[in-house]
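J.: the sequence and its predicted three-dimensional model are supplied below.
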Amino acid sequence: MSLRRSLSAALGLAFAVWLPARALAQAQPAPFTLIDDEADIGKDHPAAPDTRTGHIYLQPRLSVVAPAGKLASAPDTSPNAGTPTSQLAGTGAGFGATLGVGITRHTVIEAAAQYTSFGAPTACNDCKGSGIDLGLGFSYHLAQGVAIDPWISYGMGLRFATFHAQPSSTTGGPTGLPSVDQAFRGFDFARIALGADFYPVPILGIGPFFEADVGSAFSRANPSHADPALGPAVYGFFQVGLRIAFDPFQRARAPRAAEPKASAHR
């Protein structure tokens, strides 16, 4: 009897110790398992969505335009003689627009048109002029689908300008003779611009730009008297302004960055 009692007491004591230990073990959380983030290194990830190809862009703009160079030079005189642009026109205001079509995620083909009303030059208070220029080119955008869109563009174009001015003397200055209208036609062989657009909303952006147009006149018309033949001359028009970039297709927002993986999970 004493042996049985001893065995029963021992088994009871063992069960009393095992039962709380088992309950405590079940209450413990599972051990943390580390995830190896380095497993993704070297794997190909899908490209960001293309938010430019096939989109149509309308970009009206307003700028201050300053002339430089010469519209014409007399071939039989010294290089300093001719028709400096600054004697026919002063700084003016330009009103234009660009229509573009995206052909890649970074490139847009553009057609541009602008009307410029020139102010009076310093040497001739009664002089005035205006011009129309048409251009074709492309722009390259450094980013896409983000709020700030830096860009640079290159193009060529035609320029038509009419100036109400006094005839030039052999020294290139006004002669005091009656004013006449002079019309020039030129070819812009380089139209370089750069700027950046800020998009507060996906479909509408605004930003500054700078542009330099360089070309040469190939014809001049003056109905009041015969003009000498055009000599080689290079003109320039520099402008700085503000443009509005309108994307009616609603530029897709940049995808949100994926949340970092948890370093541990249960």
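T.: Nice, thanks for sending it over. On a predicted model such as this, the values are computed, not experimentally measured, just so you know. Numbers count the residues shown, from 1 in each chain.
J.: what's the next secondary structure element after the helix or strand harbouring residue 158?
T.: Using DSSP states H and E, residue 158 sits in strand 148-165. Per DSSP H and E, the first helix or strand lying C-terminal to strand 148-165 is strand 180-201.
J.: and that following strand with strand 148-165, angle?
T.: The directions of strand 180-201 and strand 148-165 differ by 160 degrees, with axes from the mean of the first three to the mean of the last three C-alpha atoms, to 10 degrees as the criterion.
J.: CA atoms only: put strand 180-201 into PDB for me.
T.: This file holds the C-alpha atoms of strand 180-201, laid out as PDB (Å, rounded to 0.1, in the frame of the first residue of the first chain):
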ATOM      1  CA  VAL A 180       9.000 103.900 -94.400                       C
ATOM      2  CA  ASP A 181       7.900 100.300 -93.800                       C
ATOM      3  CA  GLN A 182      10.500  97.600 -94.200                       C
ATOM      4  CA  ALA A 183       9.500  94.000 -94.300                       C
ATOM      5  CA  PHE A 184      12.000  91.200 -93.600                       C
ATOM      6  CA  ARG A 185      11.700  87.400 -94.000                       C
ATOM      7  CA  GLY A 186      14.200  85.200 -92.300                       C
ATOM      8  CA  PHE A 187      15.000  81.700 -91.400                       C
ATOM      9  CA  ASP A 188      15.700  80.700 -87.800                       C
ATOM     10  CA  PHE A 189      18.300  78.000 -88.000                       C
ATOM     11  CA  ALA A 190      18.500  77.500 -84.200                       C
ATOM     12  CA  ARG A 191      15.700  78.000 -81.700                       C
ATOM     13  CA  ILE A 192      17.000  76.800 -78.300                       C
ATOM     14  CA  ALA A 193      14.900  77.000 -75.100                       C
ATOM     15  CA  LEU A 194      15.000  75.600 -71.600                       C
ATOM     16  CA  GLY A 195      12.600  75.800 -68.600                       C
ATOM     17  CA  ALA A 196      10.700  73.900 -66.000                       C
ATOM     18  CA  ASP A 197       7.000  73.400 -65.400                       C
ATOM     19  CA  PHE A 198       5.400  73.000 -62.000                       C
ATOM     20  CA  TYR A 199       2.200  70.900 -61.900                       C
ATOM     21  CA  PRO A 200       0.000  71.800 -58.900                       C
ATOM     22  CA  VAL A 201      -2.700  69.600 -60.400                       C
END
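J.: just checking, what packs against that strand?
T.: Packing partners of strand 180-201 (3 or more C-beta pairs under 8 Å, 6 or more residues apart in numbering; DSSP states H and E): strand 56-72, strand 128-141, strand 148-165, strand 204-221, strand 235-246. Placement of C-beta: from N, CA and C, glycine included.
J.: report the strands that pair with that strand, each with its relative direction.
T.: strand 148-165 (antiparallel), strand 204-221 (antiparallel) (DSSP bridges).
J.: give me the mean pLDDT for that strand.
T.: Mean pLDDT, strand 180-201: 91.
J.: angle of it against strand 56-72?
T.: 150 degrees.
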